[in-house]
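# Coordinates for the following, if possible.
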Amino acid sequence: MRLRDDVEATVRSWDAYERGRGSLPVIDYDCHPSTSPIEAATSRLQVLKRLQDLDATAETQPGEERVRARLRGDIAYLRALLGERAPLRDYISRTQGTHADAGATATSPREEQTRGRRSNRWESDGTPTPWLSWRRARAG
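From the prediction side, this is the model:
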C-alpha cells in the first residue's frame, strides 16, 4: 500500500504544479479529494524522475502490476507533455492499457455498404445520420 500512496502523492503534487501554472489538471475528477494542502512539484522533470524511481521500485515488488501499469501511463503522458512523440500504438498501449487496433475500426460509407452493417448511416456529405432518423426510415 505504501507504493500506491507514494504514486498518489506524486501525481497529486504534479497536479498541483500543473494547476498552479494554469495548465490542464492531471487529476480531472478526484474520487477521494484530500483536505490537506498539497505541495506542488517544482517541475515536470522532477515528477518524471520520481515516477521513474517509483516504477523501478514497483518492478521489484510482486503483486504491483496495477501500480506499474498506472505508472507507465503517467510516465508516457508526462513524456508527451515534455515533447516526446512516441509511436501512437505505444502511447495508447501505455496510457490506456490496450492496443491501438483492439476493437478500433474506421468505417466509411463504402465500408458500410460493403459489409451491410446497419449501426451507422451516412448522409451524402459524409456526416452520420442520427440514429433515430435511419431507424424510422427503416421501420417505414
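# what's near enough to touch the residue nearest to R4 when sequence neighbours are not counted?
Nearest residue to R4, sequence neighbours excluded (C-beta to C-beta, 6 or more residues apart in numbering): V67, at 5.5 Å. (C-beta placed from N, C-alpha, C; glycine too.) By C-beta atoms under 8 Å, 6 or more residues apart in numbering, the contact set of V67 is 3-4, 7, 58.
# switch the cut-off to 6 Å
Counting by C-beta atoms under 6 Å, 6 or more residues apart in numbering, V67 touches 3-4, 58.
# Over to Y77?
T95.
# in which helix or strand would I find it?
Element membership for Y77, per DSSP states H and E: helix 65-81.
# got the angle for the helix or strand following that helix vs helix 65-81?
Going down the chain from helix 65-81, the next helix or strand is helix 88-96, by DSSP H and E. Angle, helix 88-96 to helix 65-81, by axes from the mean of the first three to the mean of the last three C-alpha atoms, to 10 degrees: 130 degrees.
# what comes up buried for helix 88-96?
Buried residues in helix 88-96, counted by 16 or more other C-beta atoms under 10 Å: 91-95.
# Around the nearest residue to L71 once chain neighbours are set aside, how many other residues sit close by?
Distances taken as C-beta to C-beta, 6+ apart place D55 nearest to L71, at 4.4 Å, with adjacent residues excluded. D55 has 18 neighbouring residues, counting by other C-beta atoms under 10 Å.
# and if you look at the one 4 residues further on?
Residue crowding around E59 was assessed by other C-beta under 10 Å; the count is 10.
# Over to R70?
Counted with other C-beta under 10 Å, residues neighbouring R70 total 20.
# so how far is whatever helix or strand L3 lives in off the chain centroid?
Here L3 sits within helix 2-20, counting by DSSP H and E. Mean-position distance between helix 2-20 and its chain equals 17 Å (C-alpha atoms, centre = their mean, to the nearest Å).
# Just the C-alphas of that helix, formatted as CSV.
Below are the C-alpha coordinates for helix 2-20, written out as CSV (Å, rounded to 0.1, in the frame of the first residue of the first chain):
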residue,chain,number,x,y,z
ARG,A,2,2.9,2.3,0.6
LEU,A,3,4.0,2.3,-3.0
ARG,A,4,0.5,3.2,-4.2
ASP,A,5,0.4,6.0,-1.6
ASP,A,6,3.7,7.3,-2.9
VAL,A,7,2.4,7.2,-6.5
GLU,A,8,-0.7,9.1,-5.4
ALA,A,9,1.3,11.7,-3.6
THR,A,10,3.5,12.2,-6.6
VAL,A,11,0.5,12.5,-9.0
ARG,A,12,-1.2,15.0,-6.6
SER,A,13,2.0,17.1,-6.5
TRP,A,14,2.2,17.0,-10.3
ASP,A,15,-1.5,18.1,-10.5
ALA,A,16,-0.8,21.0,-8.1
TYR,A,17,2.1,22.0,-10.3
GLU,A,18,0.1,22.0,-13.5
ARG,A,19,-2.9,23.8,-11.9
GLY,A,20,-0.5,26.4,-10.4
